[in-house]
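> give me the fold of what follows.
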Amino acid sequence: MATTSGLSLAKWIRKFFQKNFERWLARRIPSQSEHQLNSRNIMIYPTRFGLAYLGFVILVFLLGTNYQNNIILLLSYLLASLFISVMLHSFYNFSQLRFYSRAKQQGYAEEPLNFSIKIMAKKNHYDINVHFSDRTLNSQIVTLLHCKQGEQELTLAYKSSKRGRHNLGRITIYSEYCLGIFKSKTVLNFGHYAIIYPKAKSLIAGQYQLSSSHDEASMESFQSSNIVGTDDFSELKSFVRGESRARTAWKQLAKGQGHFSKHYQASTSQLQWLKLSEMPSNNLEIQLAYLSFLIGELSTTNQNFGLDLSAETANKAMNIQPNSGFKHQQECLTALALYS
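Residues are numbered from 1 along each chain as shown. Next up, the predicted model:
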C-alpha cells in the first residue's frame, strides 16, 4: 500500500509541475507561425557530460585547496573558465535563428504528412536538432549539422492510422554545440495540426449506386445512368482479357488489391449525390473509407457531385452541395475526417 501511494504521489507531483510548466510556456512562448530565438525563449542547462565535468572541476578545486597546491588550483580555474566560455558560445550558436512553419497539413490515414520548417540564419550555426515534443508521436529527430547563412529547410514527418483532427503540440529544437557540455534548447509552438482523411477503400461493381438525396424544386433529381460512355467514372469491374489496358485501375493493381478496370458512363446534367447511408457496410469507418474512394475517383474525372452525411435526409446541416474541383474535393474529405 505504501509503495502504491508513493507512486500515485509521484505521478501527481509530475502532472502538477508539467501543467504549470505548460502554462509558463504558453505565456513565455505563445503560439505563432514565426519565432526568432533570443534570451526570452532559449533555455541552457548542462548535459550529463557537463554535470560530470562540473563535478570534476569542483573536485580538482577541493584537492588544490586541501593540499594548497597552486598548480592544481590554476588547473581548476582554467577548467571553470572553459565551462563558462562554452556556455556563452552555446548561446551565441543558438541565438538569432528564425523559424517559420505553416500550421496545417492534410492527407490520408497511414500516409506520412510532411511539416516543413524553414530556418533563416544570419550567420553559420551548428548541430541544430528538431523533433515533435509529444513523445507519443514517436517523432524522429531531424539534424542539421551545419546551418549555413541564408535559408534552410527541415521536414518533420507525421503519420496516423486514425482519421480526424490531430493537434501535434510543440516543436523541440536543441543543440549541444560545442563540446557537448551544455544543451541549448527551445520549445516552440507553431500550432501544428493535421487533418487526416479516411483511407480510401475500393468499391467494385454492384456495391454502390449514386442517387439523389433531396426532392427540392431548386435541385434536379438524379438517377444513375446505365448508358456506357467515356465521360464519367462509374465503377470498378474485374479485368477481362481483351479489354483495353488504358482502363486498368493502376492504383489498385499496385497495392495488390487485384486487377480491375475502370468503367465510365455518359455524362448527364443530373446531380450526383454520395450518401453515407447508402454505403454497403454497417461499419461507419468502412462507409467513410468507401466515400473517400468515390470522392477521389469522381474528382479525378472532374465530375459534379454532392456529399450527404446526414443520418436522416431531413438534416441539411450535414450536406455539401454538388460542385467539382480541388477545393470541393478537400471540403468533402475534410467533412469525412471530422465526421462523428
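> Provide the secondary structure category for the nearest residue to residue 307 once chain neighbours are set aside.
The shortest distance from residue 307 to any non-neighbouring residue, by C-beta to C-beta, 6 or more residues apart in numbering, is to residue 320 (4.3 Å). Placement of C-beta: from N, CA and C, glycine included. With DSSP: H, G, I helix; E, B strand; the rest coil as the basis, residue 320 sits in strand.
> hey, which helix or strand in this structure has the poorest pLDDT?
Every helix and strand of the chain was ranked by mean pLDDT, DSSP states H and E. The lowest is strand 228-229, at a mean of 44.
> what's the distance between the residue nearest to residue 307 and residue 12?
46 Å (C-beta to C-beta, to the nearest Å).
> neighbour count for these two, which is higher?
Under the criterion of other C-beta atoms under 10 Å, the comparison of residue 320 against residue 12 puts residue 320 first, with 17 against 10.
> residues in contact with the more buried one?
Neighbouring residues of residue 320 by C-beta atoms under 8 Å, 6 or more residues apart in numbering: 306-307, 328, 331-332, 335.
> redo that, cut-off 10 Å
Contacts for residue 320 (C-beta atoms under 10 Å, 6 or more residues apart in numbering) come out as 273-274, 305-309, 328, 331-332, 334-335.
> take stretch 93-113, keep the C-alpha atoms, and write them as PDB.
These are the backbone C-alpha positions of stretch 93-113, laid out as PDB (Å, rounded to 0.1, in the frame of the first residue of the first chain):
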ATOM      1  CA  ASN A  93      25.500  29.500 -31.700                       C
ATOM      2  CA  PHE A  94      21.800  29.000 -30.900                       C
ATOM      3  CA  SER A  95      20.500  32.600 -30.800                       C
ATOM      4  CA  GLN A  96      19.300  34.800 -33.700                       C
ATOM      5  CA  LEU A  97      17.900  31.800 -35.600                       C
ATOM      6  CA  ARG A  98      14.400  32.500 -37.100                       C
ATOM      7  CA  PHE A  99      11.900  29.600 -37.700                       C
ATOM      8  CA  TYR A 100       8.800  29.600 -39.800                       C
ATOM      9  CA  SER A 101       6.200  26.900 -40.400                       C
ATOM     10  CA  ARG A 102       2.700  26.500 -41.700                       C
ATOM     11  CA  ALA A 103       0.300  25.100 -39.100                       C
ATOM     12  CA  LYS A 104      -2.000  22.900 -41.200                       C
ATOM     13  CA  GLN A 105      -1.300  19.700 -43.200                       C
ATOM     14  CA  GLN A 106      -3.800  17.300 -44.600                       C
ATOM     15  CA  GLY A 107      -3.700  13.800 -46.100                       C
ATOM     16  CA  TYR A 108      -4.900  10.300 -45.900                       C
ATOM     17  CA  ALA A 109      -4.600   7.900 -43.000                       C
ATOM     18  CA  GLU A 110      -1.500   5.700 -42.900                       C
ATOM     19  CA  GLU A 111       0.300   8.100 -45.300                       C
ATOM     20  CA  PRO A 112       3.100  10.400 -44.000                       C
ATOM     21  CA  LEU A 113       2.500  14.100 -43.800                       C
END
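> distance from the chain centre to that stretch, please.
Relative to the centre of its chain, stretch 93-113 is centred 8 Å away, using C-alpha atoms, centre = their mean, to the nearest Å.
> give the buried residues for that stretch.
The neighbour-count check on stretch 93-113 (16 or more other C-beta atoms under 10 Å) flags 93-95, 97, 99-101, 103, 105, 107-109, 113 as buried.
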